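Q: Sequence plus the predicted model coming up.
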Amino acid sequence: MDRKRDRYIYIHFLGVLILQLVLSKILTFGPLLLIALYPIFIISLPPNFSTKKLLWWAFSIGVAVDLLSGNIIGLNSAASLVLALFRNNILRAFYTKGEVISLSFINMRDLGVIRYNSYVALSLLVHHLALLLIESLTLSSFAHLLSRLAVSVLVNLAIVSTIEYAIFYRRSA
Amino acid sequence: MRRRLPLIKYLTTLLLFLFLEGLSLFLITQNSLYQRIRLQALSIGAVEKVAKLNADIRHYTSLAKSNALLVEENLLLRNLLQKSGVATAQNYPTYRPPHSNLSPLQFSFQSARVLSNSTNRLNNFFILDKGERDGVESGMGVLSTKGVVGVVEHVTEHFSMVTSLLNINQSISAKVLPSGAFGTLKWEGGNRRYVTLKEIPHHIKIEIGDTVATSGYSLIFPANIPIGVVDKFSLEGGAHYNIEVELLQEFNTLNFVNIITNHNKRELDSLNSKIERDG
């Protein structure tokens, strides 16, 4: 079970990485939109994953994105680490008390459309906020930062939700 | 033990996060000039704030002692002004060298707070909370309530770095009272309570307990600012005295100081350089 799950994690890692690299090349709408889909890899890792494991995986995918996309090396890894640190706390907020937590990957089918989208939106918000703050290292243009944050979270949420619904949710239903 | 386990787990996770986040930030600074400059500015700002907070706490806890010192100094100054017969509110804050033809406003003082201070090295310095913005310049003398403590070395906009008297590269012109014989005073790098006064001619009468003060032959300090008292002395090579001077100021307890401005320094400097050029 564990070996199968590990294999699936590697495939998922590569899949998300390729998706991130391809979409960030295709979708370029200027500085207001930040295409960052790779947080979905951290977001969907099994709920029983410890924060330590999440941190290592977050660092790996962040560095991989930085290296392959030609970004400032360390920028995406720094932001994805912040998301990994809070991932389990965010997830707990979307499970009701006493609910049996599935050991498989977090998906729309198990959580339901609204809960899944809310969970992804909050996670993307944490990640994007960290990324934008580390990128600018100032709060002087706060309005610009807020608009970038809002646009990026909405667009990335729409992409993630569409892919999850079209590929995984509908097929399994 | 069982209760401790979640805490240890939490702490190790936090440490791992800090390590990886630190590594990421390090990588960012290596690859982006903008982020490097911004992070440096943020870290310098944080260090300054911590140093200021530390100094604030230190000064708050020693307020009673500082007050006692200020009262003592006030009493001393009032007595001096009474003796000199010029005790008016108008000229109280300025120092007038006795028997001087220079402008009455040759020297003025401004108080400053010591933010950090080193005393355990051979080259000791301390940082003051006054800088260029307050008119501080390198080469200005610094006094405590008990006497000479150093000379301003470097100045930034808000802060200044002072070469302490406890610095082996710092020497000042000093004289032994009451004779007035002057020589060079320097810390040799040994005991922090003692400095050495050299080049005092052998025919001068010196006694243990005599006051050692500034000579006034430099543009940095006015004359007669106390430094210490003669602790012991010996003849060096049969021609000059080697005098061990016990300092009046304990450098470990330095809190408030006065920075001296010599208003005639530029004029005297240009005169000196002209003499050197012509001579």
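A: Nice, I can see it. Numbering: from 1, shown residues only, chains lettered A, B, ... in the order given.
Q: what residues are up against the closest residue to B:Thr12 other than its chain neighbours?
A: Leaving aside its sequence neighbours, B:Thr12 sits nearest to A:Lys52 (CB to CB, 6 or more residues apart in numbering or on different chains; 7.3 Å). Bear in mind the C-beta positions are built from the backbone N, C-alpha and C, glycine included. A:Lys52 is in contact with B:Thr12, B:Thr13, B:Leu16, counting by CB atoms under 8 Å, 6 or more residues apart in numbering or on different chains.
Q: chain center to whichever strand or helix holds A:Lys52: distance?
A: A:Lys52 belongs to helix A:51-69 when assigned by DSSP states H and E. Once both centres are worked out by CA atoms, centre = their mean, to the nearest Å, helix A:51-69 turns out to sit 11 Å from its chain's centre.
Q: Name the SS class of B:Val229, please.
A: At B:Val229 the chain is in strand, as set by DSSP: H, G, I helix; E, B strand; the rest coil.
Q: Bridged to it, which residues?
A: On the basis of DSSP bridges, B:Val229 is bridged to B:Thr211, B:Glu246.
Q: Could you verify my assumption that it touches B:Ile206?
A: No: applying CB atoms under 8 Å, one finds B:Val229 not in contact with B:Ile206, separated by 11.3 Å.
Q: excluding its backbone neighbours, what's nearest B:Glu137?
A: Residue nearest to B:Glu137 in three dimensions, not counting chain neighbours: B:Val155, with 6.3 Å by CB to CB, 6+ apart.
Q: pLDDT wise, what is that neighbour at?
A: pLDDT, B:Val155: 86.
Q: Quick check on it: phi, psi?
A: phi -130, psi 130 (degrees, to the nearest 10).
Q: measure it to B:Asn169 for me?
A: Between B:Val155 and B:Asn169 the distance, using CB to CB, to the nearest Å, works out to 18 Å.
Q: With B:Thr211 instead?
A: Shown here: B:Thr211 relative to B:Asn169, a distance of 25 Å by CB to CB.
Q: between these two, who's got more neighbours?
A: For B:Thr211 versus B:Asn169, neighbours defined as other CB atoms under 10 Å in any protein chain shown are more numerous around B:Thr211 (17 against 10).
Q: Model confidence for that one, exactly?
A: 89.
Q: Next up, the contacts around it.
A: Listed by CB under 8 Å, 6+ apart, the contact set of B:Thr211 reads B:Val176, B:Leu177, B:Pro226, B:Gly228, B:Val229, B:Val230.
Q: List, one by one, the residues from chain A near chain B.
A: Proximity of chain A to chain B is confined to A:50-52, A:55-56, A:59, A:62, A:66, A:72-75, A:77-78, A:81-82, A:84-85, A:134-135, A:137-138 under the rule CB under 8 Å from any CB of the partner chain.
Q: related to what we said a few turns ago, what's the PyMOL line that selects buried ones from the contacts of B:Thr211?
A: In PyMOL, a selection of the buried entries from the contacts of B:Thr211 looks like this (16 or more other CB atoms under 10 Å in any protein chain shown):
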select buried, chain B and resi 176+226+228+229+230
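Q: Make a markdown table out of the contacts of B:Thr211 and add pLDDT.
A: Listed next are these as a markdown table, based on pLDDT from 0 to 100:
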| residue | pLDDT |
| --- | --- |
| B:Val176 | 90 |
| B:Leu177 | 86 |
| B:Pro226 | 87 |
| B:Gly228 | 91 |
| B:Val229 | 91 |
| B:Val230 | 91 |
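Q: Please identify which of the contacts of B:Thr211 is nearest to B:Leu33.
A: When those are compared for distance to B:Leu33 (CB to CB), B:Gly228 wins out at 51.0 Å.
Q: Let me see the contact set for the closest one.
A: Here B:Gly228 is in contact with B:Gly147, B:Val195, B:Thr211, B:Val212, B:Val245, B:Glu246, B:Leu247, B:Leu248 (criterion: CB under 8 Å, 6+ apart).
Q: And what about the residue in the stretch 51-200 of chain B positioned nearest to chain A, helix, strand or coil?
A: Here the stretch 51-200 of chain B gets closest to chain A at one residue, B:Glu157, 20.4 Å apart by CB to the nearest CB. Here B:Glu157 is coil, with the state taken from three-state DSSP.
Q: Quick one: the strands in the chain, in order.
A: Picking chain A for this. Taking DSSP state E as the test, none of chain A falls into strands.
Q: please go with chain B instead
A: For chain B, the strands defined by DSSP E cover B:94-95, B:107-117, B:123-128, B:141-143, B:148-155, B:160-167, B:171-176, B:181-186, B:194-201, B:211-214, B:226-236, B:240-247, B:256-262.
Q: could the ones you listed be laid out in JSON lines, adding distance to B:Ser43?
A: Listed next are the strands of chain B as JSON lines, based on distance: least, CB to CB, whole Å:
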{"stretch": "strand B:94-95", "distance to B:Ser43": "41"}
{"stretch": "strand B:107-117", "distance to B:Ser43": "17"}
{"stretch": "strand B:123-128", "distance to B:Ser43": "17"}
{"stretch": "strand B:141-143", "distance to B:Ser43": "28"}
{"stretch": "strand B:148-155", "distance to B:Ser43": "20"}
{"stretch": "strand B:160-167", "distance to B:Ser43": "19"}
{"stretch": "strand B:171-176", "distance to B:Ser43": "36"}
{"stretch": "strand B:181-186", "distance to B:Ser43": "37"}
{"stretch": "strand B:194-201", "distance to B:Ser43": "37"}
{"stretch": "strand B:211-214", "distance to B:Ser43": "40"}
{"stretch": "strand B:226-236", "distance to B:Ser43": "39"}
{"stretch": "strand B:240-247", "distance to B:Ser43": "36"}
{"stretch": "strand B:256-262", "distance to B:Ser43": "28"}
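Q: what's the closest of the ones you listed to B:Val50?
A: In terms of CB to CB, the element of the strands of chain B nearest to B:Val50 is strand B:107-117, at 10.6 Å.
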